[in-house]
Structure formats: C-alpha cells, structure tokens
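In: structure for this input, please:
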Amino acid sequence: MTSPHQPGAAPPPSCPAQAVPPPQEQAPPPGCPAHGARPQYQAPAQPDAHAPVKLYGPDFAADPRRVYAYLRRYGALAPVEIAPEVTAMLVTDYRAALDLLNDDATWSKDSRAWMQTVPQDSPVMPMLSWRPNVFYADGPAHVRYRDVIVDSFKLVEPHELRERVHHAADTLIQRFGARGEADLIADYARLIPLLMFNTLFGMPDSYSDRLIAALGGMLEGNSPEEAAAANEAFTQYIMELVGAKKGERGPDLTSWFMDHPNGLTDEELIHQIILVMGAGNEPLANLIGNALSRMLSDDRYYNTLSGGALTVHDAINEVLWNDPPLTNYSAHFPVRDVFFHGTWVRAGQLVMVSYAAANSQFDTTEVLAPGSGSGSHLSWAAGPHACPVKRHALLIATTAIERLTAWLSDIELAVDHSELEWRNGAFHRALVALPARFTPITPDQAGATPWHNSENSAMSSTPPEPTSTARRPASVN
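Out: So this is what the prediction gives:
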C-alpha cells in the first residue's frame, strides 16, 4: 500500500527505485484459471537495483516472460528502460498493480512535468505525451471526458456492431479469399479495427483505405519523413471527419461526441477521436491476431466449429491472461514521494503497470478450463482508468474471428508456430505476421460466399455456413 510521506523528505539511501526483499507470494486472484497454483517463477538472489532492465530489443520480444520472471526478483516494482535514455519503475505484482490503479489521490496521469526530463524525440513519446484526453486527465476532467466516450458507445447497439463487423470481415476476405493464403495480421487483424472505426465515426466506406494508409504509415513508418507524411494524412482525415459532421450530424460516434451535454471544445473533440482510434486500433488488432495464432496452433481448437472443446471466447481469454495485446502501460506519476510496496518512488517519476507480468505471476498457461470465462486479469487495467469500452472490443474481436473461421473453416498456419516473430516494443505483444493457408473460395462457387453476403451481411447476424472442409489438427503438417 502507499504510505504517507511528506513531500521533499529525504528518502533512505536506497531511493530512488532501490528494492527491498520481495513480499511473500500471494494467492491467485478470484477468477484466475490457475485456481490456487503457485507462481511459476521463484525469486532467487537480489539483482542490481541500479541497473534498469531493457523492455525492448529482440531478446525481450522473443521471450518477455523470462524478463518478467527476472524483474520479480526486485520485489513489486523494478527499474526498467522502455527506450534509450527513458527509464521507469514497472509494477509486476498483481496486488500492487490493483493498489496503484485504484488510488487516484496518490497517482496522477498528467505527464507534462515528466516530459521535460526525457528526450523529446524518443520513440515512446507518442505513447506518453500529455494531451487533453481521457488518458492523461485526472479528477473532474477525466470524468468529463470518460462520460462522453462511455455514453456515446452505449448508443451503439450490440447487434448493429456485430453486423458492421460482418460487413468489414466479408470485405477483407473478398480481397484474399481466392488466393488460398493470407497474412492474417496485415490482411485481416490490423485492418478490421480501422474499417470499424471509419464507419462507427460516421465516414463512408470510401474513406477506409485512407484511414488504413494513414495509421498504418504512422505505425510502420521506416523514416521520419514517412511517419510525418502519415501523421499529416491522419490529421487531414480527422479534419474532414469533423468538418463533415459539423455540417450534418448522423447516428455515429462523432456526432454523439459533439452533442454530448459535457460540451467538448473542438480541440477536446479531436483529441478524444484520435485517442479512441489510436488506442483502440493497436490493442484490438493484437487481440485478434494473438487469439488466431493460438487457435491455429493448438489442437484443442482445431474442430471448434463442429463442437470442439474450446471456443473463440476461450482463445481470447487465454490471450488476455497470457499474451495481453497491451502488455505494459497505465503510466502514472506520484504526486509526492511515496513508499510503495517496499520501494521509494520520487514525485513525478514514471511508474507503469505490467499487465503481462501481473497476470503471469500466477501460472495460467496450462490450466484454462473450457468455458471458464475467468476475468480477473488486468489486461483491461482496473480502477477509474480501466478500459471504458471493453465489451465493444470483445464483441468486435470475437465476431471477427468467428466470421473468418466460418468462411475459411480449414484455415491453418503456413509455418510452424515456433517460427512466428514478435514485434519489438515495450508496450505491446504483437506478431510481425501470421501466415496462413486455406482452400481458396471464389465468388462463383456454389453456396454462400463473402461476395454474395456482402450486401446483406449488415442486415443479418446469422453465421455463414462453412465454405471449406474442416481444418486438420494443428499437429498435422
């Protein structure tokens, strides 16, 4: 727990970030699929408390669980480097994470003072720079922004959202269905959220490719010039979106944001839109991709469509426990020096929560029961800043996977699961690619196809009949 400490008082010699012996092991939280299993990793000798551990690079991307196991040797918090010359304290303990996430009196989300202490051209600044949006606001401002988002998404009916996912999925499958192969990240998982946001915010389908190109360029820009051009394209898209809705409202998120009684300014409106699109796109794409990689490499899922033991919901639950799409985030800054779970933390110091480390504190990799629905993981964060639209995200991810595997029921990985590569970065758990193969489908084949359903899919939530033979077990080459 956070202990009172007068601002400016001298911390002990071990401050800042000097760890003390770790606390006793905790029992798994209620709902944890481990059901009482002991933590997978023990805490050997204490490491060097002044040597931050890198959360980037190929070694971390390849095996983050090994790094989290090492970080637990420090105790509940550990010193890390999230980018060159940018350090933070990382909360790896489940209980400590909950204590921080639920204590908005001690911990602030305002990063403006911290921003003056780090290189302004750091690659992590886009994720941590202050903006007038719900991510970086405290107190009444946070409640005001959050109410706009929550109230507006409540107006999106679940059956309408599902129909929109069907339409987006069918549109994408039409592009690669006849090839018999696809990269399920680049061709599907990364595009589904963008198609969804384009329509949910009220733009016609003709604008979706612009949004895909802009956000894709910002994510994958190979040079500062490419990133700048992509940012300019995204800014232009947002300006046209806001301009169109100022001229004529519609049944869409942009119009509902504008007309909300909390009265957003133009600047606040734009930043909430950018936040929802940006923050929603990457984690949702990773959730879809990571769940698909599990389903296509695990025999427990191979005949799910005809009554297999595990479902899409189970795959998503496994990912949220074991491979969260957003692994380390919830950036907070203490408003005063605090002694937190055995570690002194300076006022204004960056402290992040590792959802992945907190979840994997309890061995949940092999004990998930079919349909367990365990939901006490931290992948949606917790407390006042928990994800405000997780039900919508779950519905989009689940429906996108179900639609894909219904049309392409014999889909399988084109490479061994051990050959899949993970993207570098401190914040996410994301595959570089997910190559898959399947029996090609074409518009002129007998029966229903994504092409025949494209006009009517927005009006029907009935799953299509499988258009290819059942998938072979993952163990069969």
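In: so Pro344 sits in a helix?
Out: Rather than Pro, residue 344 is Trp. No. According to DSSP: H, G, I helix; E, B strand; the rest coil, Trp344 belongs to no helix; its state is strand.
In: counting neighbours, what do you get for it?
Out: Trp344 has 23 neighbours, counted by other CB atoms under 10 Å. The way it works is simple: take the backbone N, C-alpha and C, and place the C-beta from them, glycine included.
In: any chance you could map the strands in the protein?
Out: Remark: strands assigned in the chain by DSSP state E are 2-3, 53-54, 77-83, 86-91, 107-108, 181-183, 328-334, 338-340, 343-345, 351-354, 412-413, 435-437.
In: and the residue nearest the centre of this protein?
Out: Pro283 (2.4 Å; CA atoms, centre = their mean).
In: now do it, the pLDDT please.
Out: If you check Pro283, the pLDDT there is 93.
In: quick one: contacts for it?
Out: Residues near Pro283 by CB atoms under 8 Å, 6 or more residues apart in numbering: Pro325, Leu326, Ala393, His428.
In: ok so, going back, including mean pLDDT and distance to Glu226, could the strands of the chain go into CSV?
Out: CSV is the format used below for these (pLDDT from 0 to 100; distance: least, CB to CB, whole Å):
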stretch, mean pLDDT, distance to Glu226
strand 2-3, 40, 43
strand 53-54, 96, 26
strand 77-83, 95, 19
strand 86-91, 97, 23
strand 107-108, 98, 34
strand 181-183, 98, 20
strand 328-334, 97, 25
strand 338-340, 97, 41
strand 343-345, 96, 38
strand 351-354, 98, 28
strand 412-413, 96, 31
strand 435-437, 97, 25
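In: and those: which comes nearest Leu253?
Out: Proximity to Leu253 (CB to CB) singles out strand 328-334 among these, at 22.9 Å.
In: relative to strand 77-83, how tilted is the closest one?
Out: Calculated by axes from the mean of the first three to the mean of the last three CA atoms, to 10 degrees, strand 328-334 forms an angle of 110 degrees with strand 77-83.
In: who touches strand 328-334?
Out: 55, 82, 88, 90, 100-101, 106-111, 113-114, 127-128, 340, 345-357, 381, 385, 426-427.
In: can you list the buried residues in it?
Out: Neighbour counts over strand 328-334 (16 or more other CB atoms under 10 Å) mark Asn328, Tyr329, Ser330, Ala331, His332, Phe333, Pro334 as buried.
In: hang on, Asp104 packs against Asp138?
Out: Yes. Proximity of Asp104 to Asp138 meets the contact threshold set by CB atoms under 8 Å, at 6.5 Å.
In: what's the separation between Arg391 and Asp416?
Out: 35 Å (CB to CB, to the nearest Å).
In: err, Pro52, not the other one
Out: Distance, Pro52 to Asp416, by CB to CB: 34 Å.
In: so for the two, which sits in the more crowded spot?
Out: Pro52 (18 against 10).
In: where does the stretch 201-350 of the chain dip in pLDDT?
Out: 218-224, 302-308 (pLDDT under 70).
In: would you map the helices across it?
Out: 208-220, 224-247, 253-259, 266-295, 312-322 (DSSP state H, counting those that start in this stretch).
In: repeat that for the stretch 1-150 of the chain.
Out: Here the stretch 1-150 of the chain has its helices, by DSSP H, counting those that start in this stretch, at 58-62, 64-71, 94-101, 112-115, 125-128, 139-154.
In: distance to Leu264 added to those, as a markdown table?
Out: Shown next, in a markdown table, are the helices of the stretch 1-150 of the chain (distance: least, CB to CB, whole Å):
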| stretch | distance to Leu264 |
| --- | --- |
| helix 58-62 | 38 |
| helix 64-71 | 37 |
| helix 94-101 | 26 |
| helix 112-115 | 20 |
| helix 125-128 | 22 |
| helix 139-154 | 6 |
